[in-house]
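Asker: Quick check, what structure comes out for this input:
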Amino acid sequence: MTRLSVNVNKLATLRNARGGNNPDVLRWAEEIQRFGAHGITVHPRPDERHIRRADARALRAVVTTEYNIEGFPDAAFLDLVCEVRPDQVTLVPDPPGVLTSNAGWDARGRKDELKAAVARIRSEGLRASLFMGTDTEQIAHAAETGADRIELYTEPYAAGFSRDPRAAVAPFVRAAERAAQLGLGVNAGHDLDLQNLRWFVQHVPEVLEVSIGHALICDALLHGMANTVQLYLRELR
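Answerer: Numbers count the residues shown, from 1 in each chain. Now for the predicted structure:
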(Lines give C-alpha, C1' and ligand atoms only; values in the text may rest on other atoms or scores of the structure.)
Protein backbone atom coordinates (compact mmCIF):
# COMPACT_ATOMS: atom_id res chain seq x y z
CA MET A 1 0.00 0.00 0.00
CA THR A 2 1.20 3.48 -0.85
CA ARG A 3 1.81 5.42 2.36
CA LEU A 4 0.00 8.67 3.18
CA SER A 5 2.00 11.58 4.57
CA VAL A 6 -0.16 14.54 5.56
CA ASN A 7 1.30 18.00 5.01
CA VAL A 8 0.18 20.19 7.93
CA ASN A 9 1.32 23.53 6.50
CA LYS A 10 -2.27 24.71 5.98
CA LEU A 11 -3.03 24.22 9.67
CA ALA A 12 -0.10 26.49 10.46
CA THR A 13 -1.38 29.03 7.93
CA LEU A 14 -4.71 29.16 9.76
CA ARG A 15 -2.97 29.51 13.12
CA ASN A 16 -0.72 32.30 11.91
CA ALA A 17 -3.62 34.25 10.40
CA ARG A 18 -5.04 34.91 13.87
CA GLY A 19 -2.00 34.58 16.13
CA GLY A 20 -1.88 32.41 19.20
CA ASN A 21 -1.80 28.65 18.92
CA ASN A 22 -5.17 27.62 17.51
CA PRO A 23 -5.15 25.29 15.69
CA ASP A 24 -2.34 23.63 17.62
CA VAL A 25 -0.15 22.11 14.91
CA LEU A 26 1.55 19.68 17.30
CA ARG A 27 -1.74 18.37 18.65
CA TRP A 28 -3.17 17.98 15.17
CA ALA A 29 -0.07 16.11 14.00
CA GLU A 30 -0.61 13.66 16.84
CA GLU A 31 -4.29 13.30 15.97
CA ILE A 32 -3.66 12.83 12.25
CA GLN A 33 -1.28 9.99 13.04
CA ARG A 34 -3.81 8.48 15.44
CA PHE A 35 -6.40 8.62 12.65
CA GLY A 36 -4.15 6.38 10.54
CA ALA A 37 -1.81 8.56 8.48
CA HIS A 38 1.61 7.05 7.89
CA GLY A 39 3.57 10.29 8.20
CA ILE A 40 3.67 14.05 8.65
CA THR A 41 5.18 16.49 6.14
CA VAL A 42 6.14 20.13 6.70
CA HIS A 43 7.74 22.77 4.51
CA PRO A 44 9.31 25.54 6.61
CA ARG A 45 9.83 28.44 4.20
CA PRO A 46 12.27 31.27 4.94
CA ASP A 47 9.46 33.77 5.66
CA GLU A 48 7.77 31.30 8.06
CA ARG A 49 4.37 32.18 6.62
CA HIS A 50 3.03 28.79 7.70
CA ILE A 51 5.30 26.22 9.37
CA ARG A 52 7.98 27.88 11.44
CA ARG A 53 11.43 26.51 12.14
CA ALA A 54 10.37 26.18 15.79
CA ASP A 55 7.45 23.99 14.64
CA ALA A 56 9.80 21.78 12.67
CA ARG A 57 11.90 21.26 15.78
CA ALA A 58 8.95 20.67 18.10
CA LEU A 59 7.27 18.19 15.76
CA ARG A 60 10.24 15.84 16.03
CA ALA A 61 9.04 14.90 19.52
CA VAL A 62 5.48 14.07 18.45
CA VAL A 63 5.88 12.47 15.02
CA THR A 64 6.08 8.76 15.74
CA THR A 65 5.38 7.62 12.17
CA GLU A 66 7.54 9.11 9.38
CA TYR A 67 8.67 12.70 9.48
CA ASN A 68 9.35 14.43 6.16
CA ILE A 69 10.72 17.97 5.94
CA GLU A 70 10.68 19.75 2.57
CA GLY A 71 12.66 22.79 1.60
CA PHE A 72 15.18 24.58 -0.56
CA PRO A 73 18.70 23.38 0.28
CA ASP A 74 20.30 26.60 1.44
CA ALA A 75 22.65 26.55 4.42
CA ALA A 76 19.95 27.42 6.95
CA PHE A 77 17.66 24.62 5.76
CA LEU A 78 20.42 22.03 5.76
CA ASP A 79 21.47 23.07 9.27
CA LEU A 80 17.84 22.71 10.39
CA VAL A 81 17.29 19.20 9.03
CA CYS A 82 20.63 17.99 10.35
CA GLU A 83 19.60 19.28 13.77
CA VAL A 84 16.02 17.93 13.69
CA ARG A 85 16.88 14.64 11.96
CA PRO A 86 13.62 13.77 10.19
CA ASP A 87 13.25 10.42 8.50
CA GLN A 88 13.22 12.04 5.06
CA VAL A 89 14.40 15.33 3.60
CA THR A 90 12.75 16.38 0.35
CA LEU A 91 14.66 19.04 -1.56
CA VAL A 92 12.52 21.43 -3.61
CA PRO A 93 13.73 24.13 -6.03
CA ASP A 94 11.48 26.88 -4.67
CA PRO A 95 13.21 30.25 -4.36
CA PRO A 96 12.07 32.62 -1.58
CA GLY A 97 8.67 34.18 -2.15
CA VAL A 98 7.13 31.42 -4.27
CA LEU A 99 3.54 30.74 -3.20
CA THR A 100 3.76 26.97 -3.66
CA SER A 101 5.98 24.47 -5.45
CA ASN A 102 5.51 24.78 -9.19
CA ALA A 103 8.30 22.79 -10.87
CA GLY A 104 10.78 20.01 -10.36
CA TRP A 105 14.55 20.33 -10.19
CA ASP A 106 16.80 20.93 -13.17
CA ALA A 107 18.99 18.10 -11.93
CA ARG A 108 21.29 18.33 -14.91
CA GLY A 109 22.02 22.04 -14.54
CA ARG A 110 22.22 22.04 -10.74
CA LYS A 111 23.78 18.66 -10.20
CA ASP A 112 26.80 19.84 -8.24
CA GLU A 113 24.61 21.81 -5.81
CA LEU A 114 22.30 18.84 -5.35
CA LYS A 115 25.16 16.38 -4.93
CA ALA A 116 26.58 18.45 -2.09
CA ALA A 117 23.21 18.78 -0.35
CA VAL A 118 22.37 15.10 -0.74
CA ALA A 119 25.80 14.08 0.53
CA ARG A 120 25.34 16.12 3.68
CA ILE A 121 21.86 14.75 4.29
CA ARG A 122 22.90 11.15 3.76
CA SER A 123 26.01 11.59 5.92
CA GLU A 124 23.57 12.18 8.79
CA GLY A 125 21.80 8.90 8.05
CA LEU A 126 18.73 10.64 6.60
CA ARG A 127 16.86 9.69 3.43
CA ALA A 128 17.18 12.25 0.63
CA SER A 129 14.46 12.85 -1.96
CA LEU A 130 14.37 15.29 -4.89
CA PHE A 131 11.22 17.02 -6.16
CA MET A 132 11.15 16.19 -9.89
CA GLY A 133 9.10 16.48 -13.04
CA THR A 134 8.55 13.59 -15.44
CA ASP A 135 11.44 14.18 -17.87
CA THR A 136 13.24 10.83 -17.83
CA GLU A 137 16.59 12.39 -18.75
CA GLN A 138 16.32 14.71 -15.75
CA ILE A 139 15.46 11.72 -13.57
CA ALA A 140 18.65 10.02 -14.73
CA HIS A 141 20.59 13.10 -13.64
CA ALA A 142 18.74 13.03 -10.31
CA ALA A 143 19.98 9.49 -9.76
CA GLU A 144 23.55 10.74 -10.22
CA THR A 145 23.19 13.08 -7.24
CA GLY A 146 23.07 10.13 -4.85
CA ALA A 147 19.45 10.73 -3.79
CA ASP A 148 17.45 7.81 -2.44
CA ARG A 149 14.12 8.85 -3.93
CA ILE A 150 12.35 11.35 -6.12
CA GLU A 151 8.99 12.97 -5.46
CA LEU A 152 7.07 13.39 -8.69
CA TYR A 153 5.44 16.82 -9.05
CA THR A 154 1.85 15.85 -9.83
CA GLU A 155 0.16 19.20 -10.57
CA PRO A 156 0.25 18.55 -14.36
CA TYR A 157 -1.46 15.20 -13.75
CA ALA A 158 -4.14 16.81 -11.58
CA ALA A 159 -4.73 19.55 -14.17
CA GLY A 160 -5.26 17.06 -16.99
CA PHE A 161 -7.07 14.33 -15.08
CA SER A 162 -10.65 15.46 -15.71
CA ARG A 163 -10.08 15.79 -19.48
CA ASP A 164 -8.19 12.55 -20.15
CA PRO A 165 -6.94 10.53 -17.18
CA ARG A 166 -4.97 8.08 -19.32
CA ALA A 167 -3.08 10.82 -21.10
CA ALA A 168 -2.55 12.69 -17.83
CA VAL A 169 -1.00 9.73 -16.04
CA ALA A 170 1.13 8.40 -18.93
CA PRO A 171 4.21 10.61 -18.35
CA PHE A 172 4.19 9.65 -14.68
CA VAL A 173 4.12 5.96 -15.52
CA ARG A 174 7.18 6.41 -17.74
CA ALA A 175 8.94 8.51 -15.10
CA ALA A 176 8.31 5.99 -12.32
CA GLU A 177 9.48 3.11 -14.50
CA ARG A 178 12.69 4.98 -15.33
CA ALA A 179 13.26 5.83 -11.67
CA ALA A 180 12.89 2.17 -10.72
CA GLN A 181 15.42 1.18 -13.37
CA LEU A 182 17.86 3.64 -11.81
CA GLY A 183 17.29 2.39 -8.27
CA LEU A 184 15.30 5.43 -7.11
CA GLY A 185 12.25 5.11 -4.90
CA VAL A 186 9.22 7.10 -6.03
CA ASN A 187 7.07 9.45 -3.95
CA ALA A 188 4.46 11.82 -5.37
CA GLY A 189 2.67 14.98 -4.40
CA HIS A 190 0.95 18.24 -5.34
CA ASP A 191 -2.77 18.63 -6.06
CA LEU A 192 -3.59 14.96 -5.47
CA ASP A 193 -7.10 14.65 -4.04
CA LEU A 194 -10.02 12.27 -3.53
CA GLN A 195 -10.98 12.47 -7.21
CA ASN A 196 -7.63 11.70 -8.82
CA LEU A 197 -5.59 9.80 -6.21
CA ARG A 198 -6.87 6.27 -6.78
CA TRP A 199 -6.30 6.40 -10.55
CA PHE A 200 -2.77 7.66 -10.00
CA VAL A 201 -1.65 4.92 -7.61
CA GLN A 202 -3.41 2.23 -9.65
CA HIS A 203 -1.49 3.17 -12.79
CA VAL A 204 1.88 4.51 -11.63
CA PRO A 205 4.05 1.61 -10.49
CA GLU A 206 5.66 1.34 -7.07
CA VAL A 207 4.62 4.69 -5.57
CA LEU A 208 5.95 4.45 -2.04
CA GLU A 209 4.41 7.58 -0.56
CA VAL A 210 2.11 10.46 -1.40
CA SER A 211 2.33 13.79 0.40
CA ILE A 212 -1.02 15.59 0.52
CA GLY A 213 -1.84 18.80 2.32
CA HIS A 214 -4.08 21.45 0.78
CA ALA A 215 -6.79 19.16 -0.60
CA LEU A 216 -6.88 16.97 2.48
CA ILE A 217 -7.21 19.90 4.88
CA CYS A 218 -9.98 21.40 2.69
CA ASP A 219 -11.82 18.07 2.68
CA ALA A 220 -11.50 17.91 6.46
CA LEU A 221 -13.56 21.10 6.73
CA LEU A 222 -16.46 19.16 5.23
CA HIS A 223 -15.92 15.62 6.45
CA GLY A 224 -13.93 16.07 9.67
CA MET A 225 -10.26 15.20 9.98
CA ALA A 226 -10.63 11.62 11.22
CA ASN A 227 -13.03 10.70 8.44
CA THR A 228 -10.98 12.51 5.80
CA VAL A 229 -7.78 10.65 6.65
CA GLN A 230 -9.73 7.40 6.33
CA LEU A 231 -11.18 8.50 2.98
CA TYR A 232 -7.68 9.09 1.61
CA LEU A 233 -6.44 5.79 2.99
CA ARG A 234 -9.37 4.06 1.30
CA GLU A 235 -8.32 5.54 -2.05
CA LEU A 236 -4.78 4.29 -1.52
CA ARG A 237 -6.00 0.78 -0.77
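Asker: Enumerate the positions of the longest helix along the chain that are buried.
Answerer: With secondary structure taken from DSSP state H, the chain has its longest helix at helix 165-181. Neighbour-count burial for helix 165-181 flags 165, 168-172, 175-179 (criterion: 16 or more other Cβ atoms under 10 Å). All C-beta atoms are positioned from the backbone trio N, CA, C, and that covers glycine.
Asker: From the contact counts, what lies against that helix?
Answerer: helix 136-143, strand 149-153, helix 155-161, strand 185-189, helix 197-203 (3 or more Cβ pairs under 8 Å, 6 or more residues apart in numbering; DSSP states H and E).
Asker: Which residues does the second one contact?
Answerer: Taking Cβ atoms under 8 Å, 6 or more residues apart in numbering as the criterion, the residues outside strand 149-153 that touch it are 88, 90, 101, 103-104, 127-134, 139, 142, 172, 175-176, 179, 184-190, 204, 208, 211.
Asker: now the helices: where do they sit in this structure?
Answerer: Using DSSP H, helices in the chain cover 9-18, 25-34, 53-59, 75-84, 111-123, 136-143, 155-161, 165-181, 197-203, 214-223, 225-236.
Asker: With mean pLDDT and distance to Met1 added, can I get these in a markdown table?
Answerer: Shown next, in a markdown table, are the helices of the chain (pLDDT from 0 to 100; distance: least, Cβ to Cβ, whole Å):
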| stretch | mean pLDDT | distance to Met1 |
| --- | --- | --- |
| helix 9-18 | 97 | 24 |
| helix 25-34 | 98 | 16 |
| helix 53-59 | 98 | 24 |
| helix 75-84 | 98 | 27 |
| helix 111-123 | 98 | 26 |
| helix 136-143 | 98 | 24 |
| helix 155-161 | 98 | 20 |
| helix 165-181 | 98 | 16 |
| helix 197-203 | 98 | 9 |
| helix 214-223 | 98 | 17 |
| helix 225-236 | 98 | 6 |
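Asker: Need those helices in a markdown table (columns: distance to Glu66).
Answerer: Output for the helices of the chain, formatted as a markdown table (distance: least, Cβ to Cβ, whole Å):
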| stretch | distance to Glu66 |
| --- | --- |
| helix 9-18 | 17 |
| helix 25-34 | 10 |
| helix 53-59 | 12 |
| helix 75-84 | 13 |
| helix 111-123 | 15 |
| helix 136-143 | 21 |
| helix 155-161 | 23 |
| helix 165-181 | 19 |
| helix 197-203 | 17 |
| helix 214-223 | 16 |
| helix 225-236 | 15 |
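Asker: Which residue would you name as the spatial centre of this protein?
Answerer: Closest residue to the average C-alpha location of the chain: Ser211 at 4.2 Å, with Cα atoms, centre = their mean.
Asker: Enumerate every residue touching that residue.
Answerer: Taking Cβ under 8 Å, 6+ apart as the test, what Ser211 contacts is 5-7, 41, 68, 70, 90, 151, 187-189.
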